[in-house]
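Visitor: coordinates for the following, if possible.
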Amino acid sequence: MNASTDTAQIESKPGILSGFGRRGQNTREVKLELFRPACPRFWRNFRSIRRIVLLLLWNFSAYPILGVLYCLPGGYEKVYPMFYWKISCALLGMELRVIGQSADDNPAFAGRPVIFVSNHSSWLDIPALGTVLKASFVAKGAVENWPLIGSMAKFARTVFVSRTRSGTGRERDEMGARLDRGDNLILFPEGTSSDGTRVLPFRSTFFAVAPGAKAPLFQPVSIVYDRLAGLPATRRTRPIFAWYGDMELFPHLWCLTQWHSSRCSILLHPPLDPADFKGRKDLAIAAYRAVSDGAAALRQSVQ
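Guide: As a prediction, this is how the structure comes out:
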């Protein structure tokens, strides 16, 4: 089956997907049309089963390789996760389009650690950004126990934080130590995932990192899922990508993997130097504006 077959007709079916709604709503009562490709059910299910099985096999086989790399000199354990995420995106049928340059690859900022701050609408953000950025994620502690995603996050050397007031200082020091060791970090300053139609305000607490030997740069990143089966994604089909609220992982993964292909566009904005701002609140506002405007531009100019 190919992309043209998938998009010749969209088959919609009323249903309920747990947790699909705006923050503050009783999301378990929100109805949603579940979109599926128009190809026969057998081929849709075969495609999903094949992709999920391959993802599981790839996930389990990657751990021994990483264990070996940790024992070898050269820092290969930092580079290999990018290859791991790249294969994961390919198994999901997701193409990546990157616009702009990572500050980590710019000689003008050599030697300075980078904290990438991005909008967040789905678990798909992890493999997409992990493929493009040489950095470790910062995620809430609950992610560590999630099926599949938790193991994927551990594989990528994620820093897990509790986000409780009592642990803020310790976790901030841990992130500072990682930056001092030369690790870059990826933050989702919204504090939660959104429905993909807008960017939620950034929380300034995410921009408070313990000072180290070298002050980090903050690079805003806009990420948007803009194509589905070869056609531009719209507000009507965006729920296929978005994962938030109390949504369950497997139904979302099953629905997504039924489609022939998808595309994620990542826009890397010019980095921000904290020294140019009065405080972390001003820095958070500037980063939010860059990410929000960039995401809106990506949604409106699908190529």
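
Visitor: mind giving me the packing neighbours of the helix or strand Ile126 falls within?
Guide: Element membership for Ile126 (DSSP states H and E) is helix 125-132. With contacts defined as 3 or more Cβ pairs under 8 Å, 6 or more residues apart in numbering; DSSP states H and E, helix 125-132 has these neighbours: helix 76-91, strand 94-99, strand 114-118, strand 136-140, helix 149-155, strand 217-228, strand 262-268. The way it works is simple: take the backbone N, C-alpha and C, and place the C-beta from them, glycine included.

Visitor: quick check: buried residues in the third one?
Guide: What it means is strand 114-118. Buried residues in strand 114-118, counted by 16 or more other Cβ atoms under 10 Å: Val114, Ile115, Phe116, Val117, Ser118.

Visitor: ok, back up a step: what angle do the helix holding Ile126 and strand 217-228 make?
Guide: Relative orientation of helix 125-132 versus strand 217-228 (axes from the mean of the first three to the mean of the last three Cα atoms, to 10 degrees): 110 degrees.

Visitor: list the contacts for the closest residue to Phe241 other than its chain neighbours?
Guide: Closest residue in space to Phe241, ignoring its immediate chain neighbours: Tyr225 at 3.9 Å, by Cβ to Cβ, 6 or more residues apart in numbering. By Cβ atoms under 8 Å, 6 or more residues apart in numbering, the contact set of Tyr225 is Ser121, Ser122, Leu124, Gly196, Ala233, Arg238, Phe241, Ser262, Arg263, Cys264, Ser265.

Visitor: correct me, but the last one touches Ala233?
Guide: What it means is Ser265. No - using Cβ atoms under 8 Å, Ser265 is not in contact with Ala233; the gap is 10.1 Å.

Visitor: which residues are in contact with both of those two?
Guide: Residues touching both Ser265 and Ala233 (Cβ under 8 Å, 6+ apart) are Tyr225, Asp226.

Visitor: please report how far the spatially most central residue of the chain lies from Cys39.
Guide: The residue lying closest to the centre of the chain (Cα atoms, centre = their mean) is Asp125, at 1.5 Å. Using Cβ to Cβ, to the nearest Å, Asp125 is found at 27 Å from Cys39.

Visitor: cool, Phe207 as well?
Guide: For Phe207, the distance to Cys39 (Cβ to Cβ) stands at 46 Å.

Visitor: between the two, which one's more packed in?
Guide: Phe207 (24 against 21; other Cβ atoms under 10 Å).

Visitor: just give me how far stretch 96-108 sits from the chain centre.
Guide: 17 Å (Cα atoms, centre = their mean, to the nearest Å).

Visitor: what's that stretch in contact with?
Guide: The contact list for stretch 96-108, computed with Cβ under 8 Å, 6+ apart, reads 89, 109, 112, 114, 116, 128, 131-135, 184, 217, 219, 263-269, 271.

Visitor: I figured the residue nearest to the centre of the chain hits Thr131, correct?
Guide: No - with contact defined as Cβ under 8 Å, Asp125 does not reach Thr131; the gap is 10.9 Å.

Visitor: that older thread, more neighbours: Ser265 and Ala233, which one.
Guide: Per other Cβ under 10 Å, whichever of Ser265 and Ala233 has more neighbours is Ser265, with 24 against 21.

Visitor: okay, and the beta partners of the more buried one?
Guide: Residues in a beta bridge with Ser265, per DSSP bridges, are Arg97, Val224.

Visitor: if I look at it, how far off is Ala208?
Guide: Per Cβ to Cβ, Ser265 is found 30 Å from Ala208.
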